[in-house]
Every structure is written in structure tokens, then in C-alpha cells.
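# Let's see this in three dimensions:
(one chain, ligands or ions: 1)
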Amino acid sequence: MNNKIFNATTCVHAGEHRDAQGAIHTPLYNHSTFAFSSTEAIVDVVRGAKPGNLYTRYGMNPTIRATEEKLASIEGAESALAFSSGMAAEAALFLAYCIPGDHILCLGDVYGGTFELLDVNLRKLGIETDFLLGSELEQLAGRVSERTRILFCETPTNPNIEVFDVAALSSFCHERGIILVVDNTFASSVNQQPLQLGADLVIHSATKYLGGHSDLTAGAVMGAESLVVPLWQWRKNLGQMIAPEVAFLLARSIKTLICRVEAQNDSASRIAHFLQSHPRVSLVNYPGLPDHPQHALACRQMRGFGGMLSFNYDGDGQQTSAMVDKLRIFSIAPSLGGVESLVTQPVTTTHFGMPVDERRRRNISDQLVRLSIGLEHPDDLIADLSQALG
Ligand code: PLP
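Numbering: from 1, shown residues only. Got it, this is the predicted structure:
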């Protein structure tokens, strides 16, 4: 990865602007509106003739703008918009680009909320959505049409940790005028830069690694300005704006993003190897393992393999829950990417709402356990898993 695009200096300094008091970083402007010296001055800003702050729901707030500069910088993007959640970012993106009759193809596993948004909410609006599994990738060309506007995928995916070839998908999409959108939440900007690989837009649940401390809910969309701008009006009129306090917290968290994610990569890798050698574990999904089906691709495409992994426990659903209940350092919770390690059976949380047949089709079994590795000492995490697995 090109360090000129993104490194620890970017994380600390991008988007930071000192105020007249010399505050060391951009202050929290916790204001809903901004005052002007004259009608002429406000009209200049309203009609876009001059830059300025106006109204926070529009995003015209210095704290939000500074955070968006940082978000754009860490993805090597020209532009970024911050949202009140990852789902808000996804909804604005789909609504900005699709009208009734248009088609969105969703590739591979996705977060259950994304599945529901596509499968239920967007269908109600007459937008056609279709789901192609990673194992059906050879059908890709037959599953798009001239009405396909967006190809959407996560990589690595939630919860089976599959990896998709972003460069190959981007060539496929660009030959057909399709917008490639990659949800980069699981990898984080540290481990993977989809825009540099040819994706058109990246979305994040910034609630996860970018926020990093399980204390905020936010989303982001990054890409070329011409592609990001159409989302602005949807965000404004659906009221999906990130709050200034949250934008401030998010910018604070991104300063330590690289340190956190690199430590999480290392711990997750150790834990994946430990689980792979455990007799009660039948399958470990982690792209850093040499026998992961897309390991070679992950080595090419990712700088680190991430802090997320999943595994199948050798037992039924109830026995799996009993094992999960024995964990002491891992907390039973949905979400991911924070400093605290989390464990969940996706069927009980993130994919609870997914129809059972669809879960079966996707190998999201009752025995599947997903781990989000935090910043505790890896020896302690391994000891905790060891006592619970028995
Ligand atoms: N994308 C992924 C991969 C997720 O895991 C989630 C939530 O878990 C989302 C998007 C939605 O993000 P949020 O909860 O911030 O709305």
C-alpha cells in the first residue's frame, strides 16, 4: 500500500484545524446553527458562492467537516460524507443511485441489517435486489443486466470472512457501467484500500474500527467527489447527519486507528492458529490462515488480515451457546472493532432476522461463532477460549 496515501501521520493530522485560541486539534463546535454579519453574507453561503458554516444537519459545521477530511484521507479518497450510522450511509447511497426498476446485486455474505435493507425496504420501493453467494461467483455475468446500477460487497464478509477480488470486480463493473461499492468495515482502512484497487465507493460502519471504543454510532461514504455529492441531499433531507459530538469522538479515535488495528491483527492471527489446532473446533475462517480459500488473494489485496474471525464449534447450537457462556474476557455482544473482545453466535444477533433458509444457504449455522478481537493481551484471550472450549 502506498504510504503517501495513508499512514499514522495522516491519522493524527488530516483534517485538524486550529482555532483562534490555538487549540491543538479541531474543537467541538456543538452548535446547530451559525450566525452571519449580514443578509448578503448568509445568502453567499446558502447559494454556495462562498464556503462557510450554516446549519449542522446540512453538514455545514467545522467539526463535521474536519472529520470528513480525515475520513477521506484515510481511504485515499477525494471526498467523504459522515453519517449517523453505517446503515444511514448505505441507505443514502442506495437511494441516491437507484430508482424503481433499477437493480442492485449483492455479492457474498453481508451484515444482516444490510440484507434486510436490500431484501425488504428497497424492494418495497420497487428497486430490485438480488443476492449472489461467493460460491456462485462464476454466475456473476449472468446475474447483471442493463438495469444493474450497483454491485455491493463486503470483503472480508460477515460472518464467514470470505474475501473478494476488488480489482477483478472493479474491471467487471467498469466494463458494464456498474458502480462497485465495497463495505470496508471488517478490514478497516488500515488493512485494505478498496478505492486504490478500483472500487468506486467505500462505505464504513464507523461504529466499528474507526470509532474503535464501542462508544459511538456513525457511518461514512468515501470516493470521488462526483460520486459522493449525490448522497448529500439524501443525507440532508432524511436527517441522517452525524452529531458534532460524535464526529469529534470519531476524529479522536481515528488518530490511534493504526496502532489499534495492527495490534488486533497480530492477536487475531495468534488466536486463529490456536483455534485451528483445537480438537473442539471444526473450521476456522480467517484470511491469514494458509488454508483459507482466498489466502493468496488476501495476501495480495490486504496489508493485514484483520481482527475478525469466525469458527464452527464441534457441538449443536445449545452446546455452542453453553461454550460461549463460559467465556469470561470475551463479552457476549453484537458489534465489533472495539478495544474489548466480543463474541457472538451470528444466528442469535447479527443474522437473527435472516430467513432460516437463507442462513442455511450461506452456511450460517447455529455452531458458527464470531469473534472480534480487542486489545487485551492475546495470552489472556487464548486462555479464556481454552477454558471455555474445555
Ligand atoms: N456493515 C457491516 C459490515 C456491519 O457489521 C454493520 C453493523 O454491524 C453495518 C454495516 C451497519 O452499521 P451500523 O450499525 O453503524 O449502522
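# ok, for the residue in the stretch 201-350 of the chain positioned nearest to the ligand, nearest residue in space, not its chain neighbours?
Nearest residue of the stretch 201-350 of the chain to the ligand (Cβ to the nearest ligand atom) works out as Ser205 at 3.0 Å. C-beta coordinates here come from the backbone N, C-alpha and C atoms, glycine included. Nearest residue to Ser205, sequence neighbours excluded (Cβ to Cβ, 6 or more residues apart in numbering): Gly86, at 2.8 Å.
# Burial check on the one you found, number of neighbours?
Residues lying near Gly86 (other Cβ atoms under 10 Å) number 25.
# From here on, call the first residue 13.
Fine by me, first position is 13 from now on; the one you just mentioned is Gly98.
# I'd like to know how far it sits from Gly138.
As judged by Cβ to Cβ, to the nearest Å, Gly98 and Gly138 stand 24 Å apart.
# circling back: spit out the contact partners of the residue of the stretch 213-362 of the chain closest to the ligand.
By Cβ atoms under 8 Å, 6 or more residues apart in numbering, the contact list for Ser217 reads Ser97, Gly98, Met99, Ala101, Tyr123, Asp195, Thr197, Ala230, Gly231.
# can you do 10 Å?
Ser217 sits next to 95, 97-102, 123, 125-126, 170, 195-198, 223, 229-232, 347-349 when contact means Cβ atoms under 10 Å, 6 or more residues apart in numbering.
# Tell me which of these fall in strands.
Phe95, Asp195, Gly231, Ala232 (DSSP state E).
# Could you verify my assumption that the third one touches Asn196?
When you say that, I think you mean Gly231. No. Between Gly231 and Asn196 there is no contact under Cβ atoms under 10 Å: 11.7 Å.
# quick revisit: looking at the sheet around the residue of the stretch 213-362 of the chain closest to the ligand, what are its partners?
Ser217 has these beta-bridge partners by DSSP bridges: Gly231.
# tell me the pLDDT at it?
Looking at Ser217, its pLDDT stands at 98.
# ok, now how distant is Asp56 from Lys62?
4 Å.
# Check Ala84 too.
According to Cβ to Cβ, Ala84 and Lys62 sit 22 Å apart.
# of these two, who's got more company?
Neighbour totals were compared for Ala84 and Lys62, and Ala84 leads with 22 against 10 (other Cβ under 10 Å).
# packing partners for whatever helix or strand that one lives in?
Element membership for Ala84 (DSSP states H and E) is helix 74-86. Using 3 or more Cβ pairs under 10 Å, 6 or more residues apart in numbering; DSSP states H and E, the elements in contact with helix 74-86 are helix 20-25, strand 91-95, helix 200-203, strand 213-217, strand 231-235, helix 237-240, helix 256-266, helix 269-288.
# Out of these, name the one with the poorest average pLDDT.
Note on the helices and strands packed on helix 74-86: lowest mean pLDDT is at helix 20-25, with a mean of 93.
# in that one, what counts as buried?
Going by neighbour count (16 or more other Cβ atoms under 10 Å), the buried part of helix 20-25 is Thr22, Cys23.
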